[in-house]
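# Structure for this input, please:
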Amino acid sequence: MHDTNVQVNYAPGLLPVFWDRSVVFFANLLSLFYGNEGATQELTACVGGVESYGGRLCPLLNLLFAGGENLLVLESPPDENLLVYFSEDLGLDLPEVVVLSHPDYRQLADLLAQQLESESGSTSTPDCSPGESASRRIAKHPAGWIDGFVTDDVLTQTADLLAKRTIIAPDASRRGNNKLLLHRFLEEYGFPVFDTVVIEGPEELPAAARSLRDLGYRQIVAKSQVGASGIGMHRFDTEDPALGELGKHMFYEGAVLVQGWLDDTCDETTIVGSPSMQLFLDDTSVNVYDVTEQILSEDSVHEGNSSPPPFWGASPEIETAMRDQACAVGRWLHETGYRGTASVDFLVARRRGRICVYVCEVNARVTGATYPAVLGRRFCPEGHWLMRNLRFEVPIRGRELLADLRRPGHLLGEASTQGVLPINFNVNSEGLVSKGQFLCLGPDEHTCLEYLMAAADVLPVKWTYDRD
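Numbering: from 1, shown residues only. As a prediction, the model looks like this:
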């Protein structure tokens with residue numbers, strides 16, 4: 001069934017030994033869909049300031065890659081106030097940072113080729129553009145490895161030009177994030193799966209809906225083979241004769257999965273939770289290092305995480321099922337050739353009197369849960385953590401935000417195991433923080449929630465929860 005040479009280490013709450021490598025890491029968030037422009041446009045329309053999300057890697061990268069000097073290539077500049085906080089207050093070692101816009105990223109191979117040709121003396125190219133300046137720093141960096149959120153053709157070409165190695169190949173990155181391949185694996189080995197109809201084109205959606213409606217589902221969800229942050233997933237009411245439309249970008253990878261939507265409206269069904277297990281895969285092992293509860297919107301879009309889940313420790317049945325499936329999926333993911341951090345997302349439901357644990361998807365990359373899980377276990381290894389995305393009604397300066405949290409003693413310090421750790425600020429065109437990811441640490445779930453609620457009192461502007 002699996003490669004028996006792969007060791008599986010199951011130790012929720014205990015950080016594994018990450019890479020002993022140095023890396024040039026590209027925060028290529030706008031490449032998440034491997035050239036699927038329709039999905040990329042949908043992401044940028046739904047998630048404001050998506051190019052600033054890469055800043056979450058600033059406190060994290062040197063924890064994941066501990067083999068020497070690292071270079072983090074971002075799509076927009078990080079907040080300088082946060083960098084000072086990470087370094088001086090938390091004592092974290094930070095990577096060197098360079099900014100490369102997504103258009104320049106897509107042209108990086110050409111920029112590097114020109115740079116290398118210029119250095120050979122055959123031509124002379126003036127250093128006049130930000131893209132050229134960034135490419136020079138990338139070309140001169142001593143790291144031996146190239147990595148990113150996904151491995152696309154740009155990373156492969158960059159690695160070839162600079163005589164570096166990618167952590168994984170593009171096809172391994174793509175396979176590891178493929179929902180149809182995962183579904184077939186789960187089905188083949190007898191794990192629970194959602195009732196599913198696979199369609200080859202949008203004209204087949206009505207028949208799939210009727211089929212699932214006959215099984216008792218009031219709603220269905222169409223899933224493209226590769227998606228992220230709710231992109232590539234559309235929910236429909238089975239009683240709606242129009243159903244809605246599926247754009248061509250949904251079929252970019254081929255067939256689409258149409259699945260019965262499980263919620264409390266299904267007969268004899270109660271949703272227990274939406275947990276996720278955090279994985280790290282190196283060349284010889286699969287490590288399960290944390291278990292979280294996903295905080296989802298009504299549309300099942302990720303808005304945050306907490307750890308451990310509320311039911312953890314009280315339901316051995318759920319824990320055993322999640323462990324068995326996560327370890328098996330981890331082995332499958334290893335066999336696809338994927339290496340690095342990943343998450344296995346679950347849905348736990350009580351159906352017709354029994355507990356059912358389903359794997360929803362695998363995200364084979366640094367995910368929205370990787371940041372809080374690694375930082376949470378780094379500073380509060382035996383406690384609880386809660387991470388939420390907060391959007392501010394009126395944008396605020398980063399230094400003021402940090403000062404407001406520091407003044408009453410809420411801001412986490414290096415020697416503390418509880419408090420608020422701002423992971424990243426999403427800034428607007430004026431450099432003001434419009435949104436951020438905030439990690440609350442404490443000895444128990446109640447303390448974490450108290451820190452989050454205290455922010456409402458100490459911050460000078462109102463905020464609301466937002467998507468990841």
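# Could you list the residues in contact with stretch 72-87?
24-30, 49, 51-52, 54-55, 57-59, 61, 92-102, 105, 134, 138, 398-399, 402, 411, 422, 424-425, 427, 433 (Cβ atoms under 8 Å, 6 or more residues apart in numbering). C-beta here means a position set from N, CA and C on the backbone, and glycine is covered the same way.
# The same query, at a cut-off of 6 Å, please.
The contact list for stretch 72-87 (Cβ atoms under 6 Å, 6 or more residues apart in numbering) reads 25-27, 51-52, 54-55, 57-59, 61, 92, 94-95, 97-100, 102, 398-399, 402, 425.
# and the end-to-end length of it?
Using Cα to Cα, to the nearest Å, the end-to-end distance of stretch 72-87 comes to 16 Å.
# what does stretch 88-96 give?
By Cα to Cα, one end of stretch 88-96 lies 16 Å from the other end.
# buried sites along it?
Under the neighbour-count criterion of 16 or more other Cβ atoms under 10 Å, stretch 88-96 has D89, L90, L92, L94, P95 buried.
# confidence score at the closest residue to the third one other than its chain neighbours?
Taking Cβ to Cβ, 6 or more residues apart in numbering, and ignoring the residues beside it in sequence, L92 has F86 as its nearest neighbour in space, at 4.7 Å. With respect to pLDDT, F86 has a value of 98.
# Check the one 10 residues further on too.
Turning to E96, the model gives it a pLDDT of 97.
# So it sits against L61, correct?
No - applying Cβ atoms under 6 Å as the test, E96 and L61 come out as separate, 9.9 Å apart.
# one step back: may I see the buried residues of stretch 88-96 organised as JSON lines, with secondary structure and distance to S211 added?
Shown next, in JSON lines, are the buried residues of stretch 88-96 (DSSP: H, G, I helix; E, B strand; the rest coil; distance: Cβ to Cβ, whole Å):
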{"residue": "D89", "secondary structure": "helix", "distance to S211": "56"}
{"residue": "L90", "secondary structure": "coil", "distance to S211": "53"}
{"residue": "L92", "secondary structure": "coil", "distance to S211": "52"}
{"residue": "L94", "secondary structure": "coil", "distance to S211": "53"}
{"residue": "P95", "secondary structure": "coil", "distance to S211": "50"}
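# roughly how far apart are T367 and N178?
16 Å (Cβ to Cβ, to the nearest Å).
# what's the weakest-modelled helix or strand in the chain?
Scoring the helices and strands of the chain by mean pLDDT, DSSP states H and E places helix 108-119 at the bottom, with a mean of 84.
# Run through who's touching that one.
So helix 108-119 is contacted by T123, T125, G131, S135, R136, A139, V154, Q157, T158, L161 (Cβ under 6 Å, 6+ apart).
# Helix or strand next in line after the helix or strand hosting A342, which one?
Assessed by DSSP states H and E, A342 sits inside strand 340-351. Per DSSP H and E, the first helix or strand lying C-terminal to strand 340-351 is strand 354-363.
# Let me know the average pLDDT across that next one.
Computed over strand 354-363, the average pLDDT equals 95.
# Which elements pack onto whatever helix or strand comes next after that strand?
Downstream of strand 354-363, the first helix or strand assigned by DSSP H and E is helix 370-379. Applying 3 or more Cβ pairs under 6 Å, 6 or more residues apart in numbering; DSSP states H and E, we find helix 370-379 packed against strand 384-396.
# Below-threshold pLDDT in the stretch 201-350 of the chain: ranges please.
Applying pLDDT under 70 to the stretch 201-350 of the chain flags the ranges 241-242, 299.
# in this protein, which spans are helices?
Ranges of helices in the chain, per DSSP state H, are 37-46, 61-64, 80-84, 102-106, 108-119, 130-140, 153-162, 170-176, 179-188, 205-213, 316-335, 370-379, 398-406, 445-458.
# count of neighbours near S274?
Residues contacting S274 under the criterion other Cβ atoms under 10 Å number 20.
# ok, it touching T292?
No - S274 is beyond contact range of T292, at 9.6 Å (criterion: Cβ under 6 Å).
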